[in-house]
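Q: Provide a 3D model corresponding to the input given below.
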Amino acid sequence: MNTQSACMRSDLRTNMFVMAVLGAAAGCGPVRIRNLSSQGALVEGNGLPQVNEAFELRRGSLAASGEVVRREGDKAGLRFTGPIDVSRWLPAGTGQQAVDRTFQTIKRAADQGPYTAAGCLVDRSDALPEQLERVARALDRLADDLSADPGLIVRHSGRLQALDIASQMLRKLAANA
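A: Okay, here's the model as predicted:
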């Protein structure tokens, strides 16, 4: 997605890692909601609808309809017909707001320079971009494999999201190395 699109958003997006079902004229299938606002979402999955195609996104008893506004590979940007209550779409008992605050703290720290868990500055000469990207891909594959189990998603959605955040951070470090 380009920077201009991101700047035009009026609503705060909540990062998530929850499963839902996306239905369109061609059929329906499972998707992972990567982020969500009251006006739209970024979803990831196979066989996503095309740009300008109508959809219905369902998670349990919740539903939102709208139009696909962007599609890149296995990801699609969705715009809802009307606003939704984001808090109702969050996994129960996972403390998603705490995860979001932690992610923002980690992101600010990463912007200042890469740190180890102990808080010591990492020597960038040892952080080869290829190695960081390889580890990020391994984390992505692990998260994808784990997310194939609906029961595991229900029990550990916050931890699965941590894998995604770690992968994103590794990619950022690789790009800046």
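Q: all strands for the protein, in order.
A: 14-24, 27-36, 40-44, 54-59, 62-72, 75-80 (DSSP state E).
Q: check these for me and report the most buried one.
A: Highest mean neighbour count among the strands of the chain (mean count of other CB atoms under 10 Å): strand 40-44, with a mean of 22. Bear in mind the C-beta positions are built from the backbone N, C-alpha and C, glycine included.
Q: ok, and what's touching that strand?
A: 11, 13, 20, 22, 31-36, 57, 64, 66, 69, 74-80 (CB atoms under 8 Å, 6 or more residues apart in numbering).
Q: of the strands of the chain, which is nearest residue 162?
A: Comparison of the strands of the chain against residue 162 by CB to CB identifies strand 14-24 as nearest, at 8.6 Å.
Q: all helices of this structure, in order?
A: 3-8, 86-89, 96-112, 129-146, 150-176 (DSSP state H).
Q: ok, back up a step: got the strands of the chain as JSON lines, with distance to residue 141 and mean pLDDT columns?
A: Shown next, in JSON lines, are the strands of the chain (distance: least, CB to CB, whole Å; pLDDT from 0 to 100):
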{"stretch": "strand 14-24", "distance to residue 141": "15", "mean pLDDT": "85"}
{"stretch": "strand 27-36", "distance to residue 141": "14", "mean pLDDT": "88"}
{"stretch": "strand 40-44", "distance to residue 141": "14", "mean pLDDT": "95"}
{"stretch": "strand 54-59", "distance to residue 141": "24", "mean pLDDT": "92"}
{"stretch": "strand 62-72", "distance to residue 141": "19", "mean pLDDT": "95"}
{"stretch": "strand 75-80", "distance to residue 141": "16", "mean pLDDT": "96"}
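Q: mind putting the ones you listed into JSON lines with distance to residue 139?
A: JSON lines is the format used below for the strands of the chain (distance: least, CB to CB, whole Å):
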{"stretch": "strand 14-24", "distance to residue 139": "12"}
{"stretch": "strand 27-36", "distance to residue 139": "14"}
{"stretch": "strand 40-44", "distance to residue 139": "15"}
{"stretch": "strand 54-59", "distance to residue 139": "24"}
{"stretch": "strand 62-72", "distance to residue 139": "20"}
{"stretch": "strand 75-80", "distance to residue 139": "17"}
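Q: which among the ones you listed is found nearest to residue 165?
A: Closest approach to residue 165 among the strands of the chain is made by strand 14-24 (7.4 Å; CB to CB).
Q: for that closest one, packing partners?
A: Other elements packing on strand 14-24 under the criterion 3 or more CB pairs under 8 Å, 6 or more residues apart in numbering; DSSP states H and E are strand 27-36, strand 54-59, helix 86-89, helix 96-112, helix 150-176.
Q: swap the cut-off to 6 Å and go again
A: Contact partners of strand 14-24 among helices and strands, from 3 or more CB pairs under 6 Å, 6 or more residues apart in numbering; DSSP states H and E: strand 27-36, strand 54-59, helix 150-176.
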